[in-house]
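[1] Provided below are the primary sequence and the corresponding predicted coordinates.
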Amino acid sequence: MPQPAQIYLGKFGRGKRFPCDKLPAQFLATKIWAGMGQPIKVLRKKEIMNKRILISLSVIGVVAAIAIGGTVAYFSDVAKSEGNTFSTGNADLKIKMPDTGCNDWSDSCPGKVWSGLYPGWHNSYNVYLKNVSASPITLKIVPYIEEIGSPQDLWNNTYMEITWSDGSHSTGRYSLQAWKNNTVIELEPRLNQGQEAGPWVVKFDIAETVGNEIANATISFNLVFNGIQAGGEGGECVPGTEVCDGIDNDCDPQTADGSQDPQLGTPCDGTDGDLCVEGTYLCTAGQLTCSDNTGSTVDICNGADDDCDAASSDGSEDPLVGVACDGADSDLCKEGTTSCVAGTVVCSDMTGSTMDVCNGIDDDCDPASADGSEDPLNGIACDGADSDLCKEGMYYCSAGALMCSDSTGDTVEVCDGVDNDCDGGIDEECLCSPGCFPHWIGDGWCDQVCNNVACNWDGGDCL
């Protein structure tokens, strides 16, 4: 049974301890001082009983309120996240070896079969690898030899080295025996999800210092490329600069590959023929690439360095420079070549105008002009094939030759005081009457030997 509360009365109670309901009468005052003089309330017996009754009634009231409150209804609802499912991915590394006819991505490809080997022999094949993991993980590639069977001397004297196709990024050259236990040497670069790389060149050779101990021996092995999740081997990642190489250099998978690469975002020139910096470096699949996809800017003749190459002359790539051209003459013949002078394309044709004469050739290089259109003889008067010398036609060009349109017959010299045959003489062959010289006819004197009908009465002199 619990003990009744007690009050220790120090100084005023002379060190005595009394239960609260049995205090001496002299201490049943409104206030007493205890201990260090702090006032405390001391209740009389009647007050204590009244206090207990009030507390009991309060408890009963609270219980009654709770009982009554159970009959009140409220709106309610729930929300939930349903169907939470966790599925794991995997690590999946594929290989391709076109050298052995394995042209599609596969889990394995056939290797090479070499025979008749000798000390100092060497050969190689190319390997391509791709990370097709279902999980977004980076794979580091650790190659090792899986023995099928062969003499020990051949293991110790046959060597393998894996490099990039340009000979860089070598794994180092080690014996096949040493490669059996490799867990450290890995290929570069590591492969992000969906990334492929290659070719890696797998080089084999036999030491020149080995002899009969490898004679008539056969090596059989599998070259295994072990794709291991980068960082999953239990080692601690040491943060470094996040360069563009497909590796989580800063040990933070949230940062983009190459985000701290000093070349990222800097200006660059693409694969076009100019030297103009028209793009910036991006990090794509672990490699820095240039965003410059513009075509080649050719250096035309304009006085500007269009291709951004100070070593190339102005207009060096202008399609109008160095071609045949026609000068300022009237023909259309391209008798010169163009060149770039002070930012302007000029023509070296300083020849005169080439006239189109009648010869069946387009002398003026103008197909719109007729043959002989500029021939100085074309269109002037001419004499035909008759016996007179009278120009009774015009020259014209036909089939590359000048022709005369005079198709009249012979005009004979008659005794009329006119140069009928156009030979410069008048009636020079006319003897209209014996003794009547032609030059007497029409000379203003009446010559009796010519005064007849045949001589036209001396050309009229005798009328």
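    In hand now; what should we look at?
[2] pLDDT below threshold where in the stretch 251-400 of the chain?
    Of all residues in the stretch 251-400 of the chain, none has pLDDT under 70.
[3] pLDDT score for Asp421?
    You'll see Asp421 listed with a pLDDT of 87.
[4] I figured it hits Thr411, correct?
    Yes - Asp421 is in contact with Thr411 according to CB atoms under 8 Å; the separation is 5.4 Å. Yep, even glycine has a C-beta here, placed from its N, CA and C like the rest.
[5] quickly list what's touching both of those two.
    Both Asp421 and Thr411 are contacted by Asp388, Cys390, under the criterion CB atoms under 8 Å, 6 or more residues apart in numbering.
[6] of those two, which one has the most company?
    Neighbours were tallied for Asp421 and for Thr411 using other CB atoms under 10 Å; the higher tally belongs to Asp421 (20 against 16).
[7] so who does that one touch?
    Asp421 is in contact with Ser387, Asp388, Leu389, Cys390, Asp410, Thr411, Val412, Glu413, counting by CB under 8 Å, 6+ apart.
[8] how close does the closest residue to Gly101 other than its chain neighbours sit to Ser373?
    Once flanking residues are discounted, Gly101 sits nearest to Pro110: 7.4 Å by CB to CB, 6 or more residues apart in numbering. The gap separating Pro110 from Ser373 is 79 Å, by CB to CB, to the nearest Å.
[9] who has more neighbours, those two?
    Using other CB under 10 Å, the more surrounded residue of Pro110 and Ser373 is Ser373, with 17 against 10.
[10] these two touch, right, that one and Asn359?
    No - the criterion here is CB under 8 Å, and Ser373 misses it with Asn359 at 11.9 Å.
[11] check which helix or strand covers Ala178.
    helix 176-179 (DSSP states H and E).
[12] before we move on, back to that, contact partners for the residue nearest to Gly101?
    Applying CB under 8 Å, 6+ apart, the residues contacting Pro110 are Met97, Thr100, Gly101, Cys102.
[13] same check on Gly111?
    Residues near Gly111 by CB under 8 Å, 6+ apart: Thr100, Tyr125, Asn222, Leu223.
[14] with Ile300 instead?
    Contact analysis of Ile300 by CB under 8 Å, 6+ apart lists Asp306, Gly315, Glu317, Asp318, Leu320.
[15] who touches the fourth one in this structure?
    Spelled out, it's Asp318. Residues in contact with Asp318, defined by CB under 8 Å, 6+ apart, are Val298, Asp299, Ile300, Cys301, Cys340, Val345.
[16] ranges for the strands of the stretch 351-463 of the chain?
    For the stretch 351-463 of the chain, the strands defined by DSSP state E, counting those that start in this stretch occupy 381-382, 393-398, 401-404.
[17] so what strands line up beside the last one?
    Looking at strand 401-404 with DSSP bridges, its partner strands are strand 393-398 (antiparallel).
[18] contacting residues around the partner strand?
    Taking CB under 8 Å, 6+ apart as the rule, strand 393-398 contacts 358, 370-373, 375, 377-384, 402-408.
[19] restricted to buried residues, select these in ChimeraX.
    Only the buried entries of those go into this ChimeraX selection, using 16 or more other CB atoms under 10 Å:
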select :358,371,372,373,375,378,382,383,384,402,404,406
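[20] got the end-to-end distance for stretch 176-183?
    Stretch 176-183 has an end-to-end distance of 14 Å (CA to CA, to the nearest Å).
[21] show me which positions of that stretch end up buried.
    In stretch 176-183, counting by 16+ other CB under 10 Å, buried: Leu176, Gln177, Ala178, Trp179, Asn182.
[22] who wins on neighbours among the contacts of Pro110?
    When neighbours are counted by other CB under 10 Å, Met97 leads those with 21 neighbours.
[23] separation between that residue and Leu320?
    Applying CB to CB, the value for Met97 to Leu320 is 51 Å.
[24] cool, and Gln229?
    Distance from Gln229 to Leu320, by CB to CB: 60 Å.
[25] then Ala401?
    Here Ala401 is placed at a distance of 39 Å from Leu320 (CB to CB).
[26] now find how far off-centre stretch 115-128 is within its chain.
    Here the centre of stretch 115-128 is set off from its chain's centre by 37 Å, with CA atoms, centre = their mean, to the nearest Å.
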